[in-house]
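Asks: fold the following for me, if possible:
(2 chains)
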There are 2 protein chains.
Amino acid sequence: MSGTIDSKTVENLVLNECCSMPHTHFTAVPLGKSSRLLNHGPTVLVSAQHAGTRNVMAAAWACVLDYGESTKVTVVLDKSTFTRGLVEASGYFALQLPTKAMAKLTYALGSESANHVANKLEKLGAKTFAAPDFDLPLVDGCVAWLACKLMPEPHNQQTYDLFIGEVVGAWADERVFRDGHWNFDDAPDELRTIHHVAGGHFFVTGDVVSG
Amino acid sequence: MSGTIDSKTVENLVLNECCSMPHTHFTAVPLGKSSRLLNHGPTVLVSAQHAGTRNVMAAAWACVLDYGESTKVTVVLDKSTFTRGLVEASGYFALQLPTKAMAKLTYALGSESANHVANKLEKLGAKTFAAPDFDLPLVDGCVAWLACKLMPEPHNQQTYDLFIGEVVGAWADERVFRDGHWNFDDAPDELRTIHHVAGGHFFVTGDVVSG
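Replies: Presented below is the predicted three-dimensional model:
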């Protein structure tokens, strides 16, 4: 991969064979507003690809680190995960927000490892599509997607399994996020984001209260 | 402060003058279950004290970093915050989960800085009580509290404003968290935790969905 145009083109061709294209409900979010996609602490799906291999895992431990034009995120990627290797090799990862309708898929993506399950994504029914401009597979059905460039920090990665990324692209389902604001009230309840607690139990993002 | 018994005793005496004691709905949580207090990504209040001075700020960017007996957390503390100096000087901080009823207070604690507002906590009506066994002020009315020992990482702190702490004590309001599990359904709605998005607007932790 390594970010070259040639390898990007080849990989996209390979990946597109298994991807749903074109993707609807996929609207660009200005980078300066992208932290708002994660501020409320939802569980995310982490995806990456390298040398024609892609994977998706779930992570409850993802967080904003900085906002504005220099928006950064953290995510914890255990050494046992297959996705971690793809992130380290490619230098890119995507964080995306699954919905209430995807709770079962999210838990399965976080429980089953591609290290032990052949064709994990196909087996679990997770479909991806190619991110515009980046060598990243994005998960179908999510309501927000952040393309992130790894900021290598070997000490953090080795000691804490902590990865830092700079947000280089962001998109959202305009039915629930538009003009820089979430609005779940006017959309189907199934599109609400989710927050994992333990053992496959999630809290759905609830009503708004203003301070 | 510096963790000595003598200074701890003196500080607690000073602090207890302004604290609500004894505290009810405050039940110890085993450290091995403490990550479950934060897994769902709620906004937290961050508190610390040093040399007789205490403060509380709000942070949406706090996250679990590791779980089990070695539970660790991350929190972003901007260089402009007064609380950051107390954390650096004392080596300890507390993360605690405010409720729906505390949304206005939470936003005010995150918007007003003790660098510019005299007697910030008294002005805003934030009451604290002394943590058992630790030199930490805990905020009254929260539903979970994590006492954390700073794991100094100067590069992270300076470059990213990122602080890592090991959880050394944990407590929760047993009306909403008991036996290692959250249960908001049987408690007053005002006790639900909150997730800040932007500008003082929070999502309340919603219903459960199982994957």
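
Asks: now chain A against chain B: closest residue?
Replies: Closest residue of chain A to chain B, CB to the nearest CB: A:Gly41 (1.9 Å). (Each C-beta comes from the backbone N, C-alpha and C, glycine too.)

Asks: beta partners of A:Asn55?
Replies: Beta-bridge pairing for A:Asn55 (DSSP bridges): A:Ala48.

Asks: that one is in contact with A:Leu86, isn't it?
Replies: Yes. Proximity of A:Asn55 to A:Leu86 meets the contact threshold set by CB atoms under 8 Å, at 5.8 Å.

Asks: coming back round to it: am I right that the residue of chain A closest to chain B is in contact with B:Asn39?
Replies: No. Counting by CB under 8 Å, A:Gly41 sits too far from B:Asn39 to count as a contact (9.2 Å).

Asks: mind listing the shared neighbours of those two?
Replies: Counting by CB atoms under 8 Å, 6 or more residues apart in numbering or on different chains, the shared contacts of A:Gly41 and B:Asn39 are A:His195.

Asks: so between those two, which is more surrounded?
Replies: A:Gly41 (32 against 22; other CB atoms under 10 Å in any protein chain shown).

Asks: pop out the phi and psi values for that one.
Replies: Reported as degrees, to the nearest 10, the phi and psi values for A:Gly41 are phi 70, psi 40.

Asks: once you drop chain neighbours, what's closest to it?
Replies: B:Gly41 (1.9 Å; CB to CB, 6 or more residues apart in numbering or on different chains).

Asks: same question, A:Ala147
Replies: The spatially closest residue to A:Ala147, leaving aside those adjacent along the chain, is A:Gly169, at 3.5 Å (CB to CB, 6+ apart).

Asks: same deal with A:His195?
Replies: B:His40 (3.8 Å).

Asks: A:Leu97 too?
Replies: Using CB to CB, 6+ apart, the closest residue to A:Leu97 is A:Ala144 (4.3 Å).

Asks: please look at that neighbour and A:Glu174 and confirm they touch.
Replies: No. In this structure A:Ala144 lies outside contact range of A:Glu174 using CB under 8 Å: 10.6 Å.

Asks: so for these two, which sits in the more crowded spot?
Replies: Legend: neighbour count by other CB under 10 Å for A:Ala144 and A:Glu174, higher for A:Ala144 (25 against 17).

Asks: state the distance from the more buried one to B:Phe202.
Replies: For A:Ala144, the distance to B:Phe202 (CB to CB, to the nearest Å) stands at 18 Å.

Asks: A:Ala28: how many residues sit nearby?
Replies: Neighbour tally, A:Ala28, other CB under 10 Å: 11.

Asks: contacts only, for it.
Replies: Residues in contact with A:Ala28 (CB under 8 Å, 6+ apart) are A:Gly169, A:Ala170, A:Trp171.

Asks: assign the second one to helix, strand or coil.
Replies: Read that as A:Ala170. When classified by DSSP: H, G, I helix; E, B strand; the rest coil, A:Ala170 comes out as strand.

Asks: now the common contact residues for A:Asn55 and A:Leu86.
Replies: Taking CB under 8 Å, 6+ apart as the contact rule, the neighbours common to A:Asn55 and A:Leu86 are A:Ala48, A:Gln49.

Asks: how far away is A:Cys148 from A:Val87?
Replies: To A:Val87, A:Cys148 is 9 Å away according to CB to CB.

Asks: and those two? Which one has more around it.
Replies: Neighbours per residue (other CB under 10 Å) separate A:Cys148 from A:Val87, with A:Cys148 holding more: 29 against 25.

Asks: list the contacts of the more buried one.
Replies: By CB under 8 Å, 6+ apart, the neighbours of A:Cys148 are A:Val73, A:Tyr92, A:Phe93, A:Ala94, A:Leu95, A:Gly165, A:Glu166, A:Val167, A:Val168.

Asks: next, give phi and psi for it.
Replies: phi -130, psi 140.

Asks: stretch A:107-117 near chain B anywhere?
Replies: Yes. Counting by CB under 8 Å from any CB of the partner chain, contacts between stretch A:107-117 and chain B involve A:Tyr107, A:Ala108.

Asks: in chain A, which spans are helices?
Replies: Counting by DSSP state H, one finds helices in chain A at the ranges A:5-16, A:82-90, A:103-111, A:120-124, A:154-160.

Asks: what's in contact with the second one?
Replies: Under the criterion CB under 8 Å, 6+ apart, residues A:1-2, A:46-51, A:53-57, A:77-78, A:93, A:113-115, A:120, A:135, A:150, A:157, A:161, A:163 lie in contact with helix A:82-90.

Asks: lovely, talk soon.
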